[in-house]
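Trainee: Give me the fold of what follows.
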Amino acid sequence: MRRTSAWVGWALCLCASLAANAQDYPEDDEMILDLIREDGTQPETGTEPAAEFLRCNKAAWRMPGKYLVILRQGTHGSHVQRTIRRLRAKAARRSYLLEILQTYSGALKGFLVKMSSDVLHLAVKLPHVHYIEEDSSIFAQSVPWNLQRLLQPRGGTSENGTYQPPNDGAMAEVYLMDGSVQTSHREVEGRVLITDFNDVPEEDGVRVHRQVSHASLCDGHGTHMAGVVSGLDSGVARGADVNLVRVLNCQGKGTVSGALAGLEYIRATLLARPVEAVVVLLPFIGGFSRSLNTACRDMVANGAVVIAAAGNYRDDACLYSPASEPEVITVGAVNSADQLMSQGAGGTNFGRCVDFFAPGDDIVSASSDCITCFTSRSGTSQAAAHAAGIAAVILSSSQNMSPVHVLQTMLHHSISNTINLLSLSETHYLTTPNLVAAMPPTNRTNGELLCRSVWSEKSGVASADRAVSRCRLGEEMLGCSSYTPDGVRVGESIAINGERMECVAYNGPGGKGVYAVARCCAIGGLRCQVHASPKPGQDAECIDPQHHLTGCTSWSTTKTLSDSRPHHGDRRRCIVKNGVASHAVCCHAPALQCLLMENTSADKEQVEVSCPSGWTLTDCSAVSQDSSILGPVAKGNSCRVHGATTGAGGAAGIAVCCRFILYQISP
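Mentor: Okay, the predicted model is just below:
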């Protein structure tokens, strides 16, 4: 039996900070802000400012009356209960009622409180409170039922017996944050553990209550997800154990607060029972939430591979959580032709916050209609489930692999340049990765240098505006470049923030904004340093003879940029002209080798130079005599130079290519 069904809430909210001088908010926002402004009391400590108040700017996803009170970083856990007692006392003195629903003591210190908006002006002035975020909804990311009924199912059959991954993923554990799962289904029987965690809101509306009396509607999304991850015939990692953490109700709706509690439950479980290979699958989306992103970032920092759906709104994934968190692996959806999934009025999200795409259209997996039923569903939830299965297979081959190395491995083995991105805007066309996930080969080589490009958001248009791009924890920045859509830029530099490098790009006078593009690489034992040119016009140079030059930056003190040129040889340096400052990225690791590849053209608007097979692109540079280039762009293992015009002086693309020598063969 095969039946197609899908359900989801269809809405969008973007969370915004409501400052005391904000304008043009709805009346209920103005009421809250007026209370905060007009209240005569001051924060209880003389040094701390009043906390920020955050909420969604679209009413459809808001949950008025429920608020996350988050304490400042470094606050001791005991301050949570102390803050609760203070708030209770202040509310009682003014005859306000409140109810503490949940406390958080993991990545975030704070609590969820049910109270009227009248109490907010008291809460924002409590000691140690960093911000207060109104709770909001999150949604399972299958295509909505009302849009899906307009589509004709394309069919699809299980190819049982032909799917042979490198392993079955049995060495990894997957935590699925979803709704219910029909554990008796033949696809997932014995593979899914229903945990005792359950934090979901009540269903909305009389009609829905009638619908959910049919149990299959309640179990549909979660059962399908579990089947895609580890189903007997439809699963990607058929030996992986799935632990269900229920955060979505029968409508596929949950809350940010419930998702935080679920992540905290997983964190506590892993602390009590450590597991080397853990994948956390988040097949839902919400409006941008600082709290949800922070909790996901902490989960990755503690060793879990966290994978999220990009969203089904045909929009920029950076506007949503947890998809916007840089440490999360965010997955968009493609169809069987490797093109962007498009369903009715919606479709896969895209943009720089998406790491890659995976199959997400017309996916056949377990149906909760009966224990032998299958159904087809579409959405970025399904795409994220495919990625979670691939991650489980990768981790089962190497359980001590870090989350960022899992990402780099998935990117390295993805299929490139098959997606037609021309329908996207110029910004999203540039920044959206043209990669479709694929299973790594059985005998993949360890010790490869794996690199990816990380784009910043576009800077402002003022001459002093800049853009910043950063690598993930566990990666080294081997190169840094800048790109502008109009050719007006003054270059880029590398800054050190704490112990991490930042690629900083600078907009030029009259420019329309600039992007910073960091080249981020991962391999064990790689150590990099940054050396600045002594002053503008002098070369930046690698001092240690054991270090290799992997990248150069250029920043001009004049209005016209003249890019630096990497040079390998007795002196590994970045060659610059008068008025140009540079940074040289110099890296060392055993058996590291680097070389330069260059291609010059006098009459083409685009110049491309590629690294040889077995070598990895670490830096992409461009040189133009008439400063007509828009900037170099690293695409896969190639360096492309785009010209604003067919400049008479021509342009050169320069690629720095590096590799590790894994085996020494005697003659």
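
Trainee: what about the strands in the stretch 51-200 of the chain?
Mentor: 52-56, 62-71, 98-105, 109-115, 129-140, 173-178, 192-198 (DSSP state E, counting those that start in this stretch).

Trainee: Turn these into JSON lines, including mean neighbour count and distance to residue 344.
Mentor: (Each C-beta comes from the backbone N, C-alpha and C, glycine too.) Shown next, in JSON lines, are the strands of the stretch 51-200 of the chain (neighbours: other CB atoms under 10 Å; distance: least, CB to CB, whole Å):
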{"stretch": "strand 52-56", "mean neighbour count": "22", "distance to residue 344": "24"}
{"stretch": "strand 62-71", "mean neighbour count": "22", "distance to residue 344": "25"}
{"stretch": "strand 98-105", "mean neighbour count": "17", "distance to residue 344": "36"}
{"stretch": "strand 109-115", "mean neighbour count": "22", "distance to residue 344": "35"}
{"stretch": "strand 129-140", "mean neighbour count": "24", "distance to residue 344": "16"}
{"stretch": "strand 173-178", "mean neighbour count": "28", "distance to residue 344": "23"}
{"stretch": "strand 192-198", "mean neighbour count": "16", "distance to residue 344": "31"}
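
Trainee: Let's have those strands in CSV, adding distance to residue 565 and mean pLDDT.
Mentor: Shown next, in CSV, are the strands of the stretch 51-200 of the chain (distance: least, CB to CB, whole Å; pLDDT from 0 to 100):
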stretch, distance to residue 565, mean pLDDT
strand 52-56, 46, 88
strand 62-71, 48, 93
strand 98-105, 52, 94
strand 109-115, 50, 96
strand 129-140, 47, 89
strand 173-178, 48, 97
strand 192-198, 57, 94
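
Trainee: Any figure for the gap between residue 435 and residue 237?
Mentor: From residue 435 across to residue 237, the span is 20 Å (CB to CB, to the nearest Å).

Trainee: Any chance of the backbone angles for residue 229?
Mentor: With angles defined as degrees, to the nearest 10, residue 229 sits at phi -70, psi -50.

Trainee: Using CSV, list the CA coordinates for stretch 621-641.
Mentor: Output in CSV follows, covering the C-alpha atoms of stretch 621-641 (Å, rounded to 0.1, in the frame of the first residue of the first chain):
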residue,chain,number,x,y,z
SER,A,621,44.0,35.2,-6.3
ALA,A,622,43.6,37.6,-9.2
VAL,A,623,45.8,40.2,-10.8
SER,A,624,44.6,42.8,-13.3
GLN,A,625,46.6,45.7,-14.7
ASP,A,626,43.5,47.9,-15.1
SER,A,627,41.7,46.9,-11.9
SER,A,628,38.6,45.7,-13.8
ILE,A,629,38.1,42.5,-12.0
LEU,A,630,35.1,41.8,-9.7
GLY,A,631,37.2,39.4,-7.6
PRO,A,632,38.4,35.8,-7.6
VAL,A,633,35.9,33.0,-6.8
ALA,A,634,36.9,29.5,-5.6
LYS,A,635,34.5,26.9,-7.0
GLY,A,636,35.4,23.4,-6.0
ASN,A,637,39.0,22.9,-7.0
SER,A,638,39.1,25.8,-9.5
CYS,A,639,39.8,29.5,-9.2
ARG,A,640,37.7,31.7,-11.4
VAL,A,641,38.3,35.4,-12.0
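
Trainee: Pull out the buried residues from that stretch.
Mentor: Within stretch 621-641, the residues scored as buried using 16 or more other CB atoms under 10 Å are 621-624, 627-641.

Trainee: same deal with stretch 340-349?
Mentor: 340-344, 346-349.

Trainee: For the helix or strand where residue 404 lies, name the packing helices and strands.
Mentor: Assigned by DSSP states H and E, residue 404 falls within helix 403-412. The contact analysis (3 or more CB pairs under 8 Å, 6 or more residues apart in numbering; DSSP states H and E) places helix 403-412 against strand 305-309, strand 329-334, helix 380-397, strand 450-455, strand 515-522.

Trainee: Let me see the mean pLDDT of the following helix or strand past the first one.
Mentor: Meaning strand 305-309. Next in sequence after strand 305-309, counting helices and strands by DSSP H and E, comes strand 320-321. For strand 320-321, the mean per-residue pLDDT is 97.
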